[in-house]
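> here's a sequence, model it:
(chains A and B)
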Amino acid sequence: MIVLDARNYYELKDTFQKTKAYPYKPSSLNILAEKTSLFLLDYF
Amino acid sequence: MYIYNLDDYYDIYEKRRPNTITLSTANHMTTCICKQVSDCTPIPIVFNNMSVHNPINIDASNICFRLIHEYHKIFDIAYTNRKKQWLINGQLANDTFDQIELLTIHYYDDAIAERKEEHSMKGIQLIGFQEKSLHSINDYIEALQMILNIDKDTGYLHNYVASLVADWPGQLFVRKAITNLHKTDSQYSIPAGINSFIPILGPLHVSLNSREHVLIIYYTFFQKLFHSVFGKRKVLAKKPKPWRINLLLDLAYNGWCKIRNIIITKFGNTCKDIEYCMIIDLLDNIIPATLDVYSILFRSGLFNEYIETIFRIWTFALRWKRHNYNKAPLAFLSDIFYWQDTNHPFAEAVKLFLVNFNDYYIENMHSKIRAHSPVNGNIDNIIKQAYVIGILFANYFLFVLCSIYL
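Now for the predicted structure:
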């Protein structure tokens, strides 16, 4: 019964469907880490 | 065995501006959930005439004894080197967790695409969600009564341990309630059933708070790093969001790993410059310990490594004079050492089923309730929403159906 009601209940639907992606991909994280290494080298 | 989570929930859509009558319109509620660990049999409160509750409460002398004889030389080694020892000895697997997954560790809901595989909410049952603030012993006693009322029918907790994973006030007030229960001249009226509860340190709270405090203590350093990596015009908040703290700590550690050997070779281990020692301690010890304690050690179920790192993080909290967390880990460690010394079966239960002693479940539940509560929702609506989510978690089959077909 809850399943049938849930089909038309958008707030509940969003609970299980709405997704957000993390803003950085592993490749861009690697570039940021390399920029951080340069900062750290300079810091030392 | 059942593991319980108890925490307070407040509505983020409250009006924070005070008026002549009230300071805030926040709705304060109490949530109690439980997770069954079906592979673990119930643990008796008293085993071989030894109670699960330490008669001297927090045993400072035993903690000192362990620190001097077991951990003293370990804490002289930076966490990175200690982790290398674990990797060499095969105690820790390399590259078990995905980097993005580690960065989203403090996104409690699974709405983020990378956390869709998180299935640990399976079998979670909502015990109660009621309007109540948690600010005193009596508040906690009343909240725990939700569990005890259910137990009147089942009798499940009679003479058995119920572990309660909670934040600092949860541990403090429940511990006070248990202590008062055993006092003959207590001013509180404590139900006997409270004796079943044993407060446990919430690993998620330790991780979140220690990461946040690292950034606050070393703010000037992280501000320079932030401007260097993301641009001078960007502004780093004084208390950034958890995802940004995770990102900065992760970048600092990964950036450090790339140049670590060059720097150590250049300056050596004998350089006594205070600024150099401080930055090495931050990059080689503090940051990796706070990054790993929950996300890798706890979630991998590595009991000994987790306990050691909790002790290590306590040393940071002591150094920073961090309220609550300069005490909370000691209470937990004292209990662990007591159970080990007395051969109480609860020590083995924590060791074998460590990953279940988590406070993630209640944070996930709160995140879902918060995301689906209407902006001007009254308490009744929030409570209804909580129970709908609670029903879905309890019926995991229904949860999967909704995920697939909606």
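> in three-state terms, label the residue of chain B with the smallest separation from chain A for me.
Across chain B, the shortest distance to chain A (Cβ to the nearest Cβ) belongs to B:Gly255, at 2.9 Å. Backbone N, C-alpha and C define where each C-beta goes, glycine included. When classified by DSSP: H, G, I helix; E, B strand; the rest coil, B:Gly255 comes out as helix.
> and it, how far from A:Leu38?
8 Å (Cβ to Cβ, to the nearest Å).
> now stretch B:267-277: average pLDDT?
Averaging pLDDT along stretch B:267-277 yields 84.
> list the buried residues of that stretch.
For stretch B:267-277, the neighbour count (16 or more other Cβ atoms under 10 Å in any protein chain shown) marks no residue as buried.
> picking that back up, with adjacent residues omitted, what lies nearest to the residue of chain B closest to chain A?
Residue nearest to B:Gly255 in three dimensions, not counting chain neighbours: A:Thr36, with 2.9 Å by Cβ to Cβ, 6 or more residues apart in numbering or on different chains.
> ditto for B:Lys368
Closest to B:Lys368 by Cβ to Cβ, 6+ apart is B:Ile389, at 5.0 Å.
> where does the one you found land in three-state SS?
Assignment for B:Ile389 (three-state DSSP): helix.
> pull the contacting residues for it.
A:Thr15, B:Leu126, B:Met365, B:Lys368, B:Ile369, B:His372 (Cβ atoms under 8 Å, 6 or more residues apart in numbering or on different chains).
> surely the last one meets B:Gln385?
By that I understand B:His372. Yes: using Cβ atoms under 8 Å, B:His372 is in contact with B:Gln385, at 5.4 Å.
> between the two, tell me which one has more neighbours.
Neighbour totals were compared for B:His372 and B:Gln385, and B:Gln385 leads with 22 against 19 (other Cβ atoms under 10 Å in any protein chain shown).
> just the pLDDT for the more buried one.
pLDDT at B:Gln385 comes out at 78.
> list the residues that contact B:Leu102.
B:Leu102 neighbours (Cβ under 8 Å, 6+ apart): B:Asn246, B:Asp250, B:Leu291, B:Ser295, B:Ile296.
> what about the closest residue to chain B within chain A, how many residues close to it?
For chain A, the residue closest to chain B is A:Thr36, as judged by Cβ to the nearest Cβ, at 2.9 Å. When neighbours are counted by other Cβ under 10 Å, A:Thr36 registers 25.
> isn't it right up against B:Leu249?
No: the criterion here is Cβ under 8 Å, and A:Thr36 misses it with B:Leu249 at 10.8 Å.
> can you give me the strands in the chain?
This is for chain A. Taking DSSP state E, chain A contains no strands at all.
> you looked at the wrong chain, it should be chain B
B:2-10, B:28-36, B:46-47, B:50-51, B:124-131, B:162-166, B:197-201.
> so can I have TSV of these showing mean neighbour count?
What follows is these, written out as TSV (neighbours: other Cβ atoms under 10 Å in any protein chain shown):
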stretch	mean neighbour count
strand B:2-10	22
strand B:28-36	21
strand B:46-47	14
strand B:50-51	16
strand B:124-131	19
strand B:162-166	25
strand B:197-201	24
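> could I get those strands as TSV with distance to chain A and mean pLDDT?
Shown next, in TSV, are the strands of chain B (distance: least, Cβ to the nearest Cβ, whole Å; pLDDT from 0 to 100):
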stretch	distance to chain A	mean pLDDT
strand B:2-10	17	88
strand B:28-36	17	88
strand B:46-47	42	94
strand B:50-51	43	93
strand B:124-131	14	85
strand B:162-166	24	93
strand B:197-201	28	93
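> so who does the residue of chain B closest to chain A touch?
A:Ala33, A:Glu34, A:Lys35, A:Thr36, A:Ser37, A:Phe39, A:Leu40.
> most neighbours among those residues, please name it.
Neighbour-wise, those (other Cβ under 10 Å) top out at A:Thr36, 25 neighbours.
> find me the pLDDT at the residue of chain A closest to chain B, would you?
94.
> go on, the one 5 residues further on?
Confidence at A:Leu41, expressed as pLDDT, is 93.
> give me every residue that touches it.
Contacts of A:Leu41 by Cβ under 8 Å, 6+ apart are B:Ile259, B:Ile262, B:Ile263.
> hmm, 7 Å instead?
A:Leu41 makes contact with B:Ile259, according to Cβ atoms under 7 Å, 6 or more residues apart in numbering or on different chains.
> same check on B:Asp7?
Contacts of B:Asp7 by Cβ under 7 Å, 6+ apart are B:Thr31, B:Ala166, B:Asp167, B:Gly170, B:Ile362.
> so where is the chain shaky, pLDDT-wise?
The chain I'm using is chain A. Under the criterion pLDDT under 70, the flagged ranges of chain A are A:1-20.
> try again with chain B
Regions of chain B meeting the criterion pLDDT under 70 cover residues B:11-26, B:95-96, B:106-120, B:374-377, B:393-406.
> grab the nearest non-local neighbour of the residue in it sticking out farthest from the centre.
For chain B, the residue at maximal distance from the C-alpha centroid (Cα atoms, centre = their mean) is B:Lys266, at 38.7 Å. In this structure, B:Lys266 finds its nearest non-sequential neighbour in A:Phe44, 7.7 Å apart by Cβ to Cβ, 6+ apart.
> just to check, the one you found is in contact with B:Ile264?
No: counting by Cβ atoms under 7 Å, B:Ile264 is not a contact partner of A:Phe44; they are 10.7 Å apart.
> how about TSV for the contacts of B:Leu102, with neighbour count and distance to B:Asn149 added?
Formatted as TSV, these follow (neighbours: other Cβ atoms under 10 Å in any protein chain shown; distance: Cβ to Cβ, whole Å):
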residue	neighbour count	distance to B:Asn149
B:Asn246	23	39
B:Asp250	20	44
B:Leu291	23	41
B:Ser295	22	36
B:Ile296	21	39
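> just give me the closest of the residues you listed to A:Ser27.
Closest approach to A:Ser27 among the contacts of B:Leu102 (Cβ to Cβ): B:Asp250, at 14.8 Å.
> for the nearest residue to the closest one once chain neighbours are set aside, the count of nearby residues, please.
Once flanking residues are discounted, B:Asp250 sits nearest to B:Leu103: 5.9 Å by Cβ to Cβ, 6+ apart. By other Cβ under 10 Å, 23 other residues sit near B:Leu103.
> just B:Ser196 next, same as before
23.
> who's in contact with it?
So B:Ser196 contacts B:Ile45, B:Leu157, B:Tyr160, B:Val161, B:Ala162 (Cβ under 7 Å, 6+ apart).
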